[in-house]
Structure formats: structure tokens, C-alpha cells
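>>> Attaching a predicted model along with its sequence, questions to come.
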Number of protein chains: 2
Amino acid sequence: MNATIIDVANAAGVSFKTVSRVLNGEAGVRDKTREKVQLAAKELNFTLNTAARNLRRRGSNLIALIISNPSRSYIDNIQIGAMDWCSRNGFHLVVEDFRAQPSGFDDLIRGGEMAGVILIPPMSDDPEIITKLTGQNIPFVRIAPETANDSAPSVRIDDQAAAKEMTQKLIELGHKRIGLITGPNEFGVSRNRMAGYRLALDDAAIKYDSALVREGAFSYETGQSCAARLLSMPNPPTAIFASNDDMAAGAIAESYKRGIAVPSELTIVGYDDVAVASVISPPLTTVRQPLKDMAARAAELLLERIRNQESAPKHDVLPHRLILRASHGPRA
Amino acid sequence: MNATIIDVANAAGVSFKTVSRVLNGEAGVRDKTREKVQLAAKELNFTLNTAARNLRRRGSNLIALIISNPSRSYIDNIQIGAMDWCSRNGFHLVVEDFRAQPSGFDDLIRGGEMAGVILIPPMSDDPEIITKLTGQNIPFVRIAPETANDSAPSVRIDDQAAAKEMTQKLIELGHKRIGLITGPNEFGVSRNRMAGYRLALDDAAIKYDSALVREGAFSYETGQSCAARLLSMPNPPTAIFASNDDMAAGAIAESYKRGIAVPSELTIVGYDDVAVASVISPPLTTVRQPLKDMAARAAELLLERIRNQESAPKHDVLPHRLILRASHGPRA
DNA sequence: TTGTAGGCGTTATCAT
DNA sequence: ATGATAACGCCTACAA
């Protein structure tokens, strides 16, 4: 049986309240007493019971990150950013796959076990999830939602602007037929990036051609298959803009398979700037998203809401940046 | 304020004990009563308070996965396997980076918040961690420890045999100078794989040459730098065996940079069979480790220990397999 | 500076 | 089949 504060109190010859004070670093305890208590606690190998503390405090030191996104490298960065923040702020991170078991998520957000929840796409835009969270009265934050709203704070980059800039860059290079491999339409970011692509086209008076747009699933394989469709066209694009780096990597592989050289014969650019971008050949020109920072900032905004549920939700837009590496070139 | 079972009891006109019975699916409640209670619970949007339950039951539905391993793809697979198991078994997974904050881990395993802990290399072999876990009397399981022992159950593949087989394969192909890029020496698996490599060499009467062995850090970059050292030798190896796929990928990149074709001029093989292995060019010949299964099995063995701390720890060895893809060839 | 009474919401024990 | 009472370990509020 583990020791309780009462055991420590008896061992130290003080009341349990004094022990509690010492353990929580409260003021108003004589140094001598404090030492006695600390010694007794150590000798009994005592640790505060978290369940009892949480029950009494109506609190928790757990933050949940809900995933399901098919792109592991995206999740990895988000998770690392969130974990780092948690360990610097006395929290711990629970990672839950939303798709795994429908009941898993419900169970997780039940009973006040989680202090708060971090949502990434596509969950950030899922009305059912948001309704459940709101129903349980549990604070949450949305990463890269389609649009910011009052339901919760949010952190994102300006996907529309970023996609527009990249498309403009491609247009500057002389490309007029620019293939777009989007993410699934259920992702708000997909729609935003698509909008940016169209804006750039409009600005350059290039007619939008839906045949040049393919919907992938943010995976290497769908990058391959979408590129295959695009490159099989009678009049194929001279550049392909993939909505994430994994799909761009797949597109590059497909090009090689067809004997099409990148970037001399075909330009391929990505989005995210995750590890694969600098590791494949040629290194990817891409849009850098500060995913770790976004996650850390999201946790920060979440904490504000945990501390004060009435505080107005903040909405942060972090800076993006075009990373020009070697996978792009002028129109062949 | 959230509703409690007492509120539900009042609403349903029964005692709170009856509510508790219904919520826990216990027998001995009339159907009619059960329905009344369930209705009342739903109307009050009631959920059981986890902290109170955990306090009373002296339990928890949380399992911790302790990471720090530099290879994300390895962790990804382990994490996915563990998460899936958790969601199928009513648990949730807390992921904690051991390096982030020294206090983070200590805090996590304190106070009975975690039902159990899963350790991966190099934590599986870390005596300080094991001592702490034992001191807190918290069940844990070790994935890929250097050697199985009574401290905890474990799951692994036979790394020594696997490395030996791969090395033998290389020898069969005519290679006599086989470079080895190991993982850090603090990883038990590194030592085991190294042992398998030497065994194969001995069997084939090939003299061990320490100049052919480089210690990497399981990262793409160290794969590159170790390969660079190896390929700069006056008498470079004709084959390189990297202790994980990330390093093998780095080695391939380095070879290309030097104008050395793989596999026609140089054979490079990896270990793990994670995503990168089938995505790079050429696809990697590697050792397949069933990482997801290992994690799921580890969770299973952990659960046995959680249920019965006195049960003898089991030690599972899961099957590995050589995956022959395109990165290997006969000696040039 | 230290201590006492009470309750957080649930489950266990024992009764009815 | 249902209920009353106690207890889990801690913290809050209020004394002393």
C-alpha cells in the first residue's frame, strides 16, 4: 500500500494539512517543519495521489491530441510541438486516434479526465466532434480550421495566401498548365489551398481547368496515382503543386517511373516542409508551415481557456514561407 | 457544474447505488429500473467522474509510452500499434518524451496516474528508469531490451539472428568487405545486431575489421556521414548494412552524391522496414520488424501485469523476416 | 505557523 | 432487487 499524506504527517509529527502545504510549496511553513516533512515523505517513498488531487481540485494535467490525419509526418511535428509544450508546463499528452474506435474518443473526453483537447485537420472542422466537446464543457483548440470562429481558439497559417504565393511563383517561372493535387475535400485546408491556387490563376488571367485538379488523400500513394492521372493527359501539366510533401514525393516517384526528369522536364512542389522534403531527390520546393510552433501555440491558447473558460478565444495566424529548393524550374 | 450520480439518482427516484450498478453494467437491477436510470443519466448529460472512480478503484485507464528514440518512423509504428491496442481495450495512450524535461517522466509515473508503462530502446535498458518504475511499484513492459529478465515482461525480435541472416545474405552475394553502420552503443539492439554481424563473419571465416564499423545515431544524417567515412576509405566496402532504414536512406543519398550507383556498384541494406524503405529509390532490402504487433503484444503483456502484479513476466520473441527489394546485388 | 471539520464523486461492504 | 454507510486521498474553508 502506498503511503498517504496522513502517514507522512504521523511520521513527521505534524498534521496532514502541514504536509499538504509543504508538498504544494505553499508559504507559511517553518523551514524546520518543512524539512521534517520532506524527509518523512522521502523515507516513505511518498507521492501525491493524482486521482485524489484531481477529484478535489476538479482538474487534470492531461491534454489530448486527437489525430486521424493520414500524413504521419504532419502529425509527428504537431505531436512533438505539443509534447514539448506539455513537458515545459506540467502537462502530459494523450494521443488518441479518432478513427480507431468510435467509443474511444467519447470515453476520453468524458468524466473530466482531460483538461483540454487539441484538434488537427480534419477534426478541427468536424461539427460532431465540436458538439461533443462543447456538450462535455471541455476546452479545446483548433489547429488549421477552415475558418476561425467563437467555438474555440485556433492557430493556423494563411493557407490561401500561401497556396496563392506558390502558384504565383510557378506562374512566374512560365508555367501555365499547373496541376494541383489537393487533399481530401473534407479538410478545410484543402479548400483554402485550392482557393489560393485559383486566385493566382485568376490574377494571371489563366483559365481554371478542373481536369488539372486531382484529389488525393495526403499520402505518398495518392500522390503517385494523382500524378499518374495528370501525366497521362494528352496535354499534361508542366508543373504539379501537391498539397503536402508526401504527395509531392509520390508525384516525383511517378515522374521518374515515366522517365520524366524533375525539375528539367517537370516541376513538382509540395507543402508543409516536413522531413521528407529535404531528404528526397531532388529536394522539394515547398511551403514551410511552422507545425511545431503551431502546436505549442495551440497548447498555450488552450491553457488560457482552461484557466478561464470565459476568456474570448484568440485566433493566431503564424507566418509561412516559400522554401525554394531544387524541385522547381522554368517551364520546359 | 456537472451532474453526479446523486443527481441522477434523484431524477430517477432511486438510490445512487442503483445508479452506480446501472452505469457499471452490474447484474441485479430490474430492466424497468435500469431504463429509468439510463434515461435520467442521458437527460442530465451525465458522465462518471474519472478521478473519483480512479481514486476509489485504485486504477487508471492510462498507459504511458516513453519515447526519446531519434527515429520517428520507428516510434510511429510502435505508437500506432500501442494506440490501436489501447482503443480496443478501453485504455488511452500518454506519450512522453523522456529527454524533454527530466521532471516530466518523474511526474508522470507518480501518484498512480498511469496503469502501466511501455518502454522502447534505449529506455528499455536504462537502469535508472527501471529503478524508478520499480520504486513506484508501477507495472511496465520492455520492447526490444538487450536481454530479457525478471524485472518486467518483454517483446522483441531476435536481433542477433536477424542481423546474422542479413549479413549471411550479403556474404552469399559475394561481399567480403561489409560496412556496418550501427546504432548508438547505449541501445541494446545495436549491440545485439553487431553480435549477429560478427557471428556471420566468423562463420564465413571473414576477418572482422573495426574500420568497417561506424556508429550512427539512427538518423538519416548520421547514415549519410557514416557512409561518407566508409566510402572514403582507400579500400571501401562493397556492401553497407545500416542498423535502421533511416540510416540506410542516408547512405544511399551519400552514394548518389558520390556518383556510386546502388545496387550495381554498392549494396546497401537496412533494418526495420518502415515506410521510407519502400518509398526511396532503390527500394530497400531490409529486415522486417513487426513493430505494430510488437507494441500491441507489449500492451497485452503489460495488461497481464496490471491485472496481476505477481504473475511471472512473459518474454515474447516475434518473427522477423528478410525483405529482399532492390538495394542489394552481387559484389561488383 | 499550524490544525480540524468537511466534502469532492465514486465504489465496497453489508444490510434489507 | 435495492439501499445505507463508510472509505478512497486529497484540498478548501475556517479555526486556533
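Yep, that arrived.
>>> Centre-most residue in chain A?
A:I78 (4.0 Å; C-alpha atoms, centre = their mean).
>>> what's the angle from the helix or strand that residue falls within to helix B:72-88?
Applying DSSP states H and E as the criterion places A:I78 in helix A:72-88. Calculated by axes from the mean of the first three to the mean of the last three C-alpha atoms, to 10 degrees, helix A:72-88 forms an angle of 80 degrees with helix B:72-88.
>>> What helices and strands are in contact with helix A:72-88?
strand A:62-67, strand A:92-97, helix A:275-279, helix A:291-307, helix B:72-88, strand B:92-97 (3 or more C-beta pairs under 8 Å, 6 or more residues apart in numbering or on different chains; DSSP states H and E). C-betas here are computed from N, CA, C, even on glycine.
>>> Buried residues of it, list them for me.
A:72-87 (16 or more other C-beta atoms under 10 Å in any protein chain shown).
>>> Out of those, which is nearest to A:A312?
A:W85 (21.4 Å; C-beta to C-beta).
>>> before we move on, back to that, and which of the buried residues of helix A:72-88 is nearest A:N61?
For the buried residues of helix A:72-88, the nearest to A:N61 is A:C86 (8.7 Å; C-beta to C-beta).
>>> what's that closest one in contact with, if anything?
Going by C-beta atoms under 8 Å, 6 or more residues apart in numbering or on different chains, A:C86 touches A:63, A:92-93, A:299, B:104.
>>> same thing but 10 Å
With contact taken as C-beta atoms under 10 Å, 6 or more residues apart in numbering or on different chains, A:C86 is in contact with A:61-63, A:65, A:92-94, A:295-296, A:299, B:94-97, B:100-101, B:104.
>>> For it, give its distance to B:T18.
Per C-beta to C-beta, to the nearest Å, A:C86 is found 40 Å from B:T18.
>>> now swap in A:V279 and tell me
For A:V279 relative to B:T18 (C-beta to C-beta), the value is 61 Å.
>>> Would you mind extracting the C-alpha trace of the helix holding A:I78 into CSV?
Output of helix A:72-88 as CSV, limited to C-alpha atoms (Å, rounded to 0.1, in the frame of the first residue of the first chain):
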residue,chain,number,x,y,z
ARG,A,72,2.3,10.8,-40.3
SER,A,73,5.0,13.4,-40.8
TYR,A,74,2.4,16.2,-40.3
ILE,A,75,1.2,14.5,-37.1
ASP,A,76,4.8,13.9,-35.9
ASN,A,77,5.6,17.6,-36.0
ILE,A,78,2.4,18.6,-34.3
GLN,A,79,2.8,16.0,-31.7
ILE,A,80,6.4,16.9,-30.9
GLY,A,81,5.4,20.6,-30.6
ALA,A,82,2.6,19.7,-28.2
MET,A,83,4.6,17.2,-26.2
ASP,A,84,7.4,19.7,-25.7
TRP,A,85,5.0,22.4,-24.6
CYS,A,86,3.3,19.9,-22.2
SER,A,87,6.6,18.9,-20.5
ARG,A,88,7.5,22.5,-20.1
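>>> average pLDDT for it?
The pLDDT scores in helix A:72-88 average 96.
>>> Nearest residue to A:E165 in space, ignoring adjacent ones along the chain?
Of all residues not flanking A:E165 in the chain, A:L322 sits nearest, at 6.0 Å (C-beta to C-beta, 6 or more residues apart in numbering or on different chains).
>>> can you check A:L39 too?
Closest residue in space to A:L39, ignoring its immediate chain neighbours: A:A12 at 7.4 Å, by C-beta to C-beta, 6+ apart.
>>> can you check A:V117 too?
Closest to A:V117 by C-beta to C-beta, 6+ apart is A:F140, at 4.1 Å.
>>> Could you list which residues are in contact with that neighbour?
Taking C-beta under 10 Å, 6+ apart, one finds A:63-64, A:66, A:109, A:114, A:116-119, A:123-124, A:129-130, A:132-134, A:151-154, A:298, A:302, A:305-306, A:313 in contact with A:F140.
>>> Selection in PyMOL covering whichever of those residues are buried, please.
Buried subset of those, written as a PyMOL selection, criterion 16+ other C-beta under 10 Å:
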select buried, chain A and resi 63+64+66+109+114+116+117+118+119+123+124+129+130+132+133+152+153+154+298+302+305+306+313
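>>> What backbone torsions are found at the residue in the stretch 101-250 of chain A positioned nearest to DNA strand C?
In the stretch 101-250 of chain A, the residue that lies nearest DNA strand C is A:G111 (6.9 Å; C-beta to the nearest atom of the strand). For A:G111, the backbone dihedrals (degrees, to the nearest 10) come out as phi 70, psi 20.
>>> and chain A, which residues reach DNA strand C?
A:14-18, A:21, A:27-30, A:32-34, A:52, A:55-56, A:58, A:111 (C-beta under 7 Å from any atom of the strand).
>>> Please list only the buried members of those residues.
Among these, the ones that count as buried by 16+ other C-beta under 10 Å are A:14, A:18, A:21, A:29, A:33-34, A:52, A:55, A:111.
>>> of the residues you listed, list those near chain B.
Filtering those for neighbours of chain B using C-beta under 10 Å from any C-beta of the partner chain leaves A:52, A:55, A:111.
>>> Tell me the pLDDT of the second one.
We have a pLDDT of 93 for A:L55.
>>> try the last one
What the model reports for A:G111 is a pLDDT of 92.
>>> Please list all residues in contact with the residue lying closest to it once chain neighbours are set aside.
Spatially, and ignoring its direct neighbours in sequence, A:G111 is nearest to B:T50 (3.6 Å; C-beta to C-beta, 6+ apart). Neighbour list for B:T50: A:51, A:54-55, A:60, A:62, A:107-108, A:110-114, B:60-62 [criterion: C-beta under 10 Å, 6+ apart].
>>> Next step: those restricted to helices.
Among the contacts of B:T50, the ones falling in helices (DSSP state H) are A:51, A:54-55, A:107-108.
>>> what sits against the residue lying closest to A:N235 once chain neighbours are set aside?
Excluding its sequence neighbours, the residue lying closest to A:N235 (C-beta to C-beta, 6+ apart) is A:R177, at 6.9 Å. With contacts defined as C-beta under 10 Å, 6+ apart, A:R177 is in contact with A:206, A:209, A:211-212, A:230, A:233, A:235-240, A:331.
>>> let's see 8 Å
A:209, A:212, A:235-239.
>>> Reformat the residues you listed as TSV; add secondary structure.
Formatted as TSV, these follow (DSSP: H, G, I helix; E, B strand; the rest coil):
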residue	secondary structure
A:D209	coil
A:L212	helix
A:N235	coil
A:P236	coil
A:P237	coil
A:T238	coil
A:A239	strand
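>>> Most neighbours of all these, which one?
Highest neighbour count within the contacts of A:R177, by other C-beta atoms under 10 Å in any protein chain shown: A:A239, with 28 neighbours.
>>> surely that one meets A:I268?
Yes. If you go by C-beta atoms under 8 Å, A:A239 and A:I268 touch, sitting 7.3 Å apart.
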